Structure formats: C-alpha cells, structure tokens
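J.: coords please:
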Amino acid sequence: MRWFLVMLAVLTGSATSNAGTFSSRGHLTLPPQLITAMDVRWDSDEGVLVADGRSGVFHFALSNPSAPRAVIPGGKAPSGFFFTSILASDKERIIAASPFAAIGWKARSSDRVHEVPFASASDVDLHDNQIAILGGNRDERGVWEPDGAIVWIGDVSPELRRLKPIMFSTPGPGPMAFCGFLGTGSVRYRQDGSLLVVPGVVPNAFLYDRTGRLVRTWQTGELGFYDRCTLTRQTYGLLARDLAARNHWINQRQIIDDVVSLPDGFGLLIRSVSEGRTQWDMVVLSDRGVSQRTRLPFSSPVATTHIRADTRGTKTAFLLFETGDDATAPPPRPPQIIIAEYQH
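T.: From the prediction side, this is the model:
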C-alpha cells in the first residue's frame, strides 16, 4: 500500500456542525429525447447541460425543457462522443466521459470533439481547464493500474497528456479495477480550485489544492456509506454482467451518489433504499468538520433511482434518473430535475 505517502500530509477533522438545508423551488420532467439522462451541470442561471448516454450532451432552458439542443452529439469523434454518462464543464470546455474506454472533450468555440482513451472513468470534474479524474487506467502495455494511481489532475489540452497522479492505492488490479464500475465515488472542484475526492473504494474523503497537494482529510467511516472495495472476483463477474444483481447489491448498502460544492463546504449525497423507496441524506464537509446528517426534501418510490447534482450559487439542480433492472430496456420512468435553494 502507498497510502502512507498520502497520509503523512493529512489533517483529520472530527468536529460536527449543523448542516444546511435544501428547499425545493421547482420540478420538471425531461422530454422523451432525454429518457436516458444520467448527469447534469449548470450552463447558465436558467439553463443546464444534461448527459444522455448514446444520444450525447444537450443544453436546454429550464423554462423550456421540451426543446433540448445537442451540444455534443452521440456517435464518433470528431463530431460526437459514443456514450456520455459523466459530464463536466467550465466556461471554455465541456467534458463527456464514459465509465469505459474513453474521455471526450470539446471547446465551446468549436464543434470538434477530442476523444482520449481511458480504461475506466468513475467520475470527472473540470475547473479552469484543469480536469480531475477518478478511475482506473492501463498503461501502453495494457497493464491495469501499474502504479496504483486512482486520481489524476492536469490540463485538458493537449489530449490529456500531462495528467499527474495524486492518489494511489495498491499497484496492479486494485479497487478501481474491481469496484470502479459501481460508481460509488466522486470528485468535485470548488470555485477556488480546491478539489474534494471521495474515492468510494478506499476510506475517507480528501481535499487537495489546485497543485495536487493534500491539505486535509475527513474520516468518513462513521457516516456508514460504502467506502472500500470488498468485491471478490466471483462477485465482480456477477455484478458486471447482471444489472439486476448489481442493483440488488447496491440497494443493500448506502452509497455516495454524488458530491456538490456548497457555499459552506462540500455536500455528500448519500443514497439508501428502504422498503422499495429511494432516499438521500446530505452531510457537509467543511472547515468546521463533518456536519450532522440531514434528509433531502424529496425521495423516489422506485428502488433503482439515482441522483446527480450541480450547484450554482445557492441553487442546486438535482437530476433523478432510473436504471431499471434491464439494460436493454428504456428506464421505467422519465428523468426528473428538481431545483432547490440551499440555506446554511
């Protein structure tokens, strides 16, 4: 293990404080064109970007969701990207990422999509042309995670060739190789360029500055969410090929569905399922420590619902989407977007 190299710089936070609350301000159902929406980012005060799998990335105004406009079409580069389930953006660029095979990006001023091989991206984020990637990759010989790197930062251009690993686990096929596809981790930038990493496959949450220097960690074991890779090879094989089995496995655990940057810290969105209903709690990590756990003001009657979210000022756009148990069938219900105001 190389965690001791990281932990030398750690400052632990154990204090607790009151968490802020969300108040719902609006709700809309996405149109049929966006039936497989899986991620969301604010694009303006009144518009959002949505990642819609094989269909691509779309922009629409919250006042008119029935008129989405393709920003990155589905398909092949240099005009499209084959499958977008992970989305990130800043003022100059848009990232379209897949949990398998590649990461794509385009400048807002261009139609050209640059596609870069990447074995398994679990999450990405973008801030002022700097990308952060949580996942697992192979080297030029096809060797999986040869140095144990699971988080990288670097300039988007040219072609992600200047990525610097900042977090490591066990060299060789490690937690991302076996558990990265579960999507239990997240990375998120704040406006000052600091980066929160919640790996989801190894314990705790880590704060880095823009240069990749570790400045703080929060102990998350007491929060009760899945934070380390426990899959055997046999279970990995079953969950990787069987969506219903994967959903059942996930629903027996609390997981991190996403992380948002809030005015007073980072909000962890913790998913759980009880009696077939999906609900989410939030915990805020800040300079004051780890906040108390609060329930989000909405839930879903469907056990395969997940959430992605993005914050702009005090407003958060929550995307609720369903996977169902059959990967070849459309989702049982269309995705929903809930706009909520954060008060702290």
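J.: mind pulling up the phi and psi values for the residue sitting furthest away from the middle of the chain?
T.: Farthest-out residue of the chain from its mean C-alpha position, per C-alpha atoms, centre = their mean: residue 141, at 28.2 Å. When read as degrees, to the nearest 10, the backbone of residue 141 gives phi -90, psi 0.
J.: quick one: contacts for it?
T.: Residue 141 makes no contacts at all, as judged by C-beta atoms under 8 Å, 6 or more residues apart in numbering. For every residue, glycine as well, the C-beta is placed using N, CA and C.
J.: What pLDDT does the model give it?
T.: Here the pLDDT value assigned to residue 141 is 87.
J.: show me the residues around residue 339 that make contact.
T.: Residue 339 touches 24, 25, 26, 27, 62, 315, 316, 317, 318, counting by C-beta under 8 Å, 6+ apart.
J.: Closest one of those residues to residue 151?
T.: Nearest to residue 151 out of those is residue 316 (C-beta to C-beta; 24.3 Å).
J.: Just give the nearest non-adjacent residue to the closest one, would you?
T.: Leaving out its chain neighbours, the residue that sits closest to residue 316 by C-beta to C-beta, 6 or more residues apart in numbering is residue 340, at 5.1 Å.
J.: any idea whether the one you found is helix, strand or coil?
T.: What DSSP: H, G, I helix; E, B strand; the rest coil gives for residue 340 is strand.
J.: Please look at it and residue 297 and confirm they touch.
T.: Yes - taking C-beta atoms under 8 Å as the definition, residue 340 is a contact partner of residue 297 at 7.1 Å.
J.: and the two? which has more neighbours close in?
T.: residue 340 (22 against 12; other C-beta atoms under 10 Å).
J.: Return the per-residue confidence for the more buried one.
T.: So residue 340 comes in at 95 (pLDDT).
J.: Run through the protein and note the low-pLDDT ranges.
T.: Scanning the chain for pLDDT under 70 picks out 1-17, 19.
J.: Kindly recompute the last result at 80.
T.: By pLDDT under 80, the weakly predicted segments of the chain are 1-19, 158, 172-173.
J.: ranges for the helices of it?
T.: Secondary structure of the chain (DSSP state H): helices at 3-7, 175-179, 233-241, 243-251.
J.: what is in contact with residue 340 and residue 297 at once?
T.: Any residue near both residue 340 and residue 297 by C-beta under 8 Å, 6+ apart counts here, and that gives 22, 23, 24.
J.: do you know how far the second one is from residue 277?
T.: Shown here: residue 23 relative to residue 277, a distance of 21 Å by C-beta to C-beta, to the nearest Å.
J.: Same drill for these two, tell me which one is more crowded.
T.: Each of residue 23 and residue 277 has its neighbours counted (other C-beta under 10 Å); residue 277 has more, 13 against 9.
J.: show me the contacts for that one.
T.: 299, 300, 301, 303.
J.: so how far is residue 117 from it?
T.: On the measure of C-beta to C-beta, residue 277 and residue 117 end up 40 Å apart.
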